[in-house]
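coords please:
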Amino acid sequence: MSFQTLGLIKPILKAIEKEGYTIPTPIQAAAIPIVLKGLDLLGCAQTGTGKTAAFAAPILQLLSQQNPPSERKRKIRSLIVTPTRELAIQIGESVSTYGKYTALTSTVIFGGVNQAAQVNALRHGVDILVATPGRLLDLMNQKIISLSDVEIFVLDEADRMLDMGFIHDIKKLLAVLPLKKQSLFFSATMPPEIVKLSQSILHNPQKVEVTPVSSTADTIQQFIYFVDKENKLPLLIDILKNRNIETVLVFTRTKHGADKVVRVLQKNKIKAEAIHGNKAQNARQRALSSFKDKSIRVLVATDIAARGIDVDNLQYVINFELPNIPESYVHRIGRTGRAGAEGTAYSFCNAEEKPYLKDIEKLIGKKIPVVDNHDYPLIDNNPVKPVKQERPPRNAAKKPAAARRHR
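The predicted structure follows:
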């Protein structure tokens with residue numbers, strides 16, 4: 001199957017082919033024809049499956065063919081809502097790329113930066129708006145944005161929206177969106193809360209489920225290093241002595257941990273930057289741009305910040321710390337091995353993280369190969385946890401006064 005068989009028009013095919021795409025991914029092959037028919041879509045697909053093109057390309061086509069821009073004043077006709085700034089920017093770049101040979105315009109809005117440039121773009125008129133919930137609602141409250149002309153609504157990464165507490169913001173948006181519209185709903189997982197939310201958004205949807213979150217791409221080689229916690233940094237530096245590892249995305253569980261890894265790598269003359277929620281937006285974008293153009297070799301990220309990272313041909317991911325949520329492991333290593341490319345994922349596991357590893361292997365249905373021949377093997381296999389001394393109950397009876405006097 002090729003993109004030509006999906007019914008896409010020449011301007012979009014030209015843009016896709018210029019990006020080097022020839023064969024659609026399963027989510028693209030399944031979703032594009034459905035969206036082109038104007039039907040609602042419920043898509044279950046994890047990050048890295050080509051999901052953005054699956055909705056962006058047909059949206060561009062529908063808007064180009066129905067009431068072209070030259071015949072009207074530009075109004076927001078498609079709204080794409082996503083949870084993080086990084087993911088919003090990545091989607092915005094994709095929309096611009098696939099739509100470069102159309103007359104449509106788009107812009108991206110997100111919080112954490114001054115709104116002036118975003119407001120200026122909106123006042124010039126845009127056809128497609130990519131937004132994070134907070135800034136979108138803020139500009140709506142300021143009467144800068146109207147959603148009354150939205151024809152196609154996309155809710156992306158719905159499960160992450162729920163995790164980040166955006167459910168109430170989404171309900172506010174749904175209350176002001178037109179009743180008559182095409183809606184596309186994407187989520188990597190489908191817990192009951194997400195299913196309930198989708199039912200409030202979609203009308204007789206077509207369902208597409210590709211590469212469930214419990215699976216990892218066969219193109220990704222996975223390895224485990226058992227190592228004591230204090231030896232993880234020396235092991236990381238040791239691995240990075242391999243110059244074939246040109247760029248690597250390293251995951252930590254906390255923002256503090258990410259900053260610590262960067263400091264140690266920089267002291268060892270390894271160019272690295274951190275990307276997480278405490279970083280200013282311009283610093284995050286600068287770090288991501290430097291990583292993409294290989295000005296830095298290592299990008300250290302937390303899970304939420306990394307959700308929108310889309311780097312072509314990223315070959316290596318290292319889990320400096322295993323996630324305590326097994327699905328996060330699948331999302332993390334999905335940054336590599338994208339669209340059929342090969343990738344490698346290394347994970348460091350200390351004794352206390354062994355239960356996390358067990359949960360991960362249960363989820364993905366396979367044992368991850370162990371690397372034994374390294375200089376920092378796990379020594380403290382069963383760390384002794386300190387025994388907490390039990391305090392007497394507050395209402396425990398006191399010793400008789402006589403007993404206290406005669407001790």
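
strands along this structure, start to end?
With DSSP state E as the definition, the chain shows strands at residue ranges 41-45, 78-81, 106-109, 128-131, 152-155, 182-187, 206-210, 220-226, 248-251, 272-275, 298-301, 316-319, 343-349.

poorly predicted segments of this structure, please.
Low-confidence segments of the chain (pLDDT under 70): 46-48, 68-73, 211-215, 277, 281, 304-309, 339-340, 382-407.

how many neighbouring residues does His374 have?
By the criterion of other C-beta atoms under 10 Å, His374 has 13 neighbours. Quick note: C-beta positions are derived from backbone N, CA and C, even for glycine.

contact partners for it?
For His374, the contacting residues are 225, 227, 235, 238, taking C-beta atoms under 8 Å, 6 or more residues apart in numbering as the criterion.

how near is Leu139 to Gly165?
Applying C-beta to C-beta, to the nearest Å, one obtains 20 Å for the distance of Leu139 from Gly165.

which one of those two is surrounded by more residues?
Counted by other C-beta under 10 Å, Leu139 and Gly165 do not tie: Leu139 has more neighbours, with 18 against 10.

tell me the contacts of the closest residue to the more buried one other than its chain neighbours?
Using C-beta to C-beta, 6 or more residues apart in numbering and skipping residues adjacent in sequence, the residue nearest Leu139 is Ile145, 4.5 Å away. Neighbour list for Ile145: 76, 122, 129, 136, 139 [criterion: C-beta under 8 Å, 6+ apart].

using CSV, list the CA coordinates for stretch 233-253.
Taking Å, rounded to 0.1, in the frame of the first residue of the first chain, the C-alpha atoms of stretch 233-253 are listed here in CSV:
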residue,chain,number,x,y,z
LEU,A,233,26.1,7.6,36.5
PRO,A,234,29.5,5.8,36.0
LEU,A,235,27.7,3.2,33.9
LEU,A,236,26.0,5.9,31.8
ILE,A,237,29.3,7.6,31.1
ASP,A,238,30.9,4.2,30.3
ILE,A,239,28.2,3.5,27.7
LEU,A,240,28.6,7.0,26.2
LYS,A,241,32.2,6.2,25.4
ASN,A,242,30.8,4.4,22.4
ARG,A,243,31.1,7.0,19.8
ASN,A,244,28.6,5.1,17.6
ILE,A,245,25.9,6.5,20.0
GLU,A,246,25.7,9.9,18.4
THR,A,247,22.5,11.0,20.2
VAL,A,248,20.6,9.5,23.1
LEU,A,249,17.4,10.4,24.9
VAL,A,250,17.8,9.6,28.7
PHE,A,251,14.8,9.3,31.0
THR,A,252,14.7,10.0,34.7
ARG,A,253,11.7,9.9,37.0
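
buried residues in it?
Along stretch 233-253, the positions that meet the burial threshold by neighbour count (16 or more other C-beta atoms under 10 Å) are 233, 235-236, 239-240, 245, 247-253.

and what of stretch 220-227?
Within stretch 220-227, the residues scored as buried using 16+ other C-beta under 10 Å are 220, 222, 224-227.

could you do stretch 198-217 as well?
When neighbours are counted by 16+ other C-beta under 10 Å, the buried residues of stretch 198-217 are found to be 198, 201-202, 205-206, 208, 210-211, 213, 216-217.

quick one: contacts of that stretch?
In contact with stretch 198-217 (C-beta under 8 Å, 6+ apart) are residues 25-27, 30-31, 34, 39-46, 48-49, 153, 155, 158, 174, 183, 185, 187-189, 222, 327, 330-331, 333-334, 337, 343, 363-365.

please parse this structure into its domains.
What the record gives for the chain is the domain set 3-210, 220-364, from automatic domain parsing.

now render these as CSV, adding distance to Asp380.
Listed next are those as CSV, based on distance: least, C-beta to C-beta, whole Å:
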stretch, distance to Asp380
domain 3-210, 33
domain 220-364, 5
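
any idea how far the closest residue to Asn350 other than its chain neighbours lies from Asn381?
Excluding the flanking residues, the one nearest Asn350 by C-beta to C-beta, 6+ apart is Lys229, at 4.5 Å. Counting by C-beta to C-beta, the gap from Lys229 to Asn381 is 13 Å.

over to Glu352?
Glu352 sits at a distance of 11 Å from Asn381 (criterion: C-beta to C-beta).

so the nearest residue to Ser347 once chain neighbours are set aside bridges to which residues?
Nearest non-adjacent residue to Ser347, counting by C-beta to C-beta, 6+ apart: Asn319, 3.9 Å away. According to DSSP bridges, the residues that bridge with Asn319 are Phe251, Ser347.

is it correct that Asn319 is in contact with Glu353?
No - Asn319 sits out of contact with Glu353 when judged by C-beta atoms under 8 Å, with a separation of 9.5 Å.

which one of those two is surrounded by more residues?
With neighbours defined as other C-beta under 10 Å, Asn319 and Glu353 compare such that Asn319 has more, 26 against 21.

tell me the contacts of the more buried one?
Taking C-beta under 8 Å, 6+ apart as the criterion, Asn319 is in contact with 251, 329, 332-333, 345-348.

who wins for neighbours among the residues you listed?
Top of the contacts of Asn319 by neighbour number is Phe251, holding 29 neighbours under the definition other C-beta under 10 Å.

got the strands of the chain as JSON lines, with distance to Val370 columns?
Putting the strands of the chain into JSON lines (distance: least, C-beta to C-beta, whole Å) gives the following:
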{"stretch": "strand 41-45", "distance to Val370": "30"}
{"stretch": "strand 78-81", "distance to Val370": "42"}
{"stretch": "strand 106-109", "distance to Val370": "43"}
{"stretch": "strand 128-131", "distance to Val370": "42"}
{"stretch": "strand 152-155", "distance to Val370": "40"}
{"stretch": "strand 182-187", "distance to Val370": "33"}
{"stretch": "strand 206-210", "distance to Val370": "30"}
{"stretch": "strand 220-226", "distance to Val370": "5"}
{"stretch": "strand 248-251", "distance to Val370": "19"}
{"stretch": "strand 272-275", "distance to Val370": "26"}
{"stretch": "strand 298-301", "distance to Val370": "24"}
{"stretch": "strand 316-319", "distance to Val370": "14"}
{"stretch": "strand 343-349", "distance to Val370": "9"}
